[in-house]
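**Student:** Build me a model from this:
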Amino acid sequence: MNASPTTSVKPSSALTAKAVALAADHEAHALQPLSSTSQKRLQSWVQRGYALEEMGYYEEAITSFERAIVLDARCVDAWQGRGIALAKLGYHEEALMSFGRVTRWNANDYRAWQNMGRVLMSLERHAEALSHFDRVLLLKADSYKAWYHRAIALDAQNKPMAALSSLDRALKIRPECHYAWTAQGMLLGKLGRYPDAEASFDCSLRLRGNNFGAWYGKASFAAIQGLVEPALENLIEAKKCSPFSVRSMLKTDRRFDPIRFTLEFQRFIQGNGEGENIDVLNSWMR
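**Tutor:** Reported below is the predicted structural model:
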């Protein structure tokens, strides 16, 4: 659901300036205890912000969180929610600043460190992201999401073996995490361990059959091995479980080159309509 047109988020620099002003103007009052009435108003704004965020109204959510911050500049829940909404809207630097406010007042808030790591990944600052996920694990060693995101950060730095080790930790903690199995399959396939990759994709599919990333991964690594029929069977399944087409991917994905000029593959391409413009090459990543 898109944000309502009645509110518009300000440009990036203005957002940063506003956040600094919010903190500076009201931090002096943060040490003063709130009255019961103000406390209720604070909670109402925070709850409203998260409800709006859940519905996809990110701009209105930001406004609500900022109303809460006016009441209490050290309301970490408001800064956290504000950061999440800003990240959803693509304001990554501003999101980092909001999460930074959380860790300033609560250095043990592992969620803020994890959120910062994910934003840093979006900015392709992979080494910094990795350090943030490591910080999460110091605070919460059983965070399977941190182990998962750590693996993605390591893979982005061309460290597949270390990435696999992190995924193993994630799956020991949460064996039903289908997207970790898919990521493991992708990594194993990159390393040429195709039977192991196939087994990981199958684990992912047993947990979630409507799983585009796993089906597409199976197809791509079958194609690398020149296995036309399995590749096409898996592509058909990938197409079934996604509303968009795989045609644009197949045009550029070199893994399909070994079967690209077979009659069967060309027939599949010709019968596969255009879909929405979505970056499905990374759809296996959560």
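**Student:** Show me how far stretch 74-92 is from its chain's centre.
**Tutor:** Put simply, stretch 74-92 sits 15 Å off its chain's centre (Cα atoms, centre = their mean, to the nearest Å).
**Student:** Kindly apply the preceding question to stretch 252-270 instead.
**Tutor:** Worked out by Cα atoms, centre = their mean, stretch 252-270 lies 30 Å from the chain centre.
**Student:** quick one: pLDDT of residue 32?
**Tutor:** Looking at residue 32, its pLDDT is 52.
**Student:** where does the stretch 1-150 of the chain have low pLDDT?
**Tutor:** The stretch 1-150 of the chain contains residues with pLDDT under 70 at 1-36.
**Student:** and residue 261, how far is that from residue 101?
**Tutor:** 56 Å (Cβ to Cβ, to the nearest Å). C-beta coordinates here come from the backbone N, C-alpha and C atoms, glycine included.
**Student:** Check residue 143 too.
**Tutor:** Distance, residue 143 to residue 101, using Cβ to Cβ: 21 Å.
**Student:** for residue 125, same thing?
**Tutor:** Residue 125 sits at a distance of 19 Å from residue 101 (criterion: Cβ to Cβ).
**Student:** Next: residue 136.
**Tutor:** 17 Å.
**Student:** Can you tell me what sits against the helix or strand where residue 231 lies?
**Tutor:** Assigned by DSSP states H and E, residue 231 belongs to helix 228-240. The contact list for helix 228-240 (Cβ atoms under 8 Å, 6 or more residues apart in numbering) reads 212, 215-216, 218-220, 222-223, 245-246, 250, 256, 259, 262, 264-265, 268, 272.
**Student:** now do stretch 110-127
**Tutor:** Outside stretch 110-127, the residues that touch it by Cβ under 8 Å, 6+ apart are 76, 80, 83-84, 87, 92, 95-96, 99-100, 102-103, 106, 128-130, 132-133, 135-136, 139-140, 143, 145-146, 149, 152-153, 156-157.
**Student:** Got a quick ChimeraX command for the buried subset of these?
**Tutor:** In ChimeraX syntax, the buried subset of the contacts of stretch 110-127 is picked out as below (16 or more other Cβ atoms under 10 Å):
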select :76,80,83,84,87,92,95,96,99,102,103,128,129,130,132,133,135,136,140,143,145,146,149,152,153,156
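**Student:** Could you list which of the contacts of stretch 110-127 belong to helices?
**Tutor:** 76, 80, 83-84, 87, 92, 95-96, 99-100, 102-103, 128-130, 132-133, 135-136, 139, 145-146, 149, 152-153, 156 (DSSP state H).
**Student:** The strand or helix carrying residue 69: how far from the chain's middle?
**Tutor:** Element membership of residue 69, judged by DSSP H and E, is helix 58-71. Counting by Cα atoms, centre = their mean, helix 58-71 is centred 23 Å from the centre of its parent chain.
**Student:** So which elements touch it?
**Tutor:** For helix 58-71, the elements it packs on are helix 12-27, helix 36-54, helix 76-88, judged by 3 or more Cβ pairs under 8 Å, 6 or more residues apart in numbering; DSSP states H and E.
**Student:** With that, I have no additional questions.
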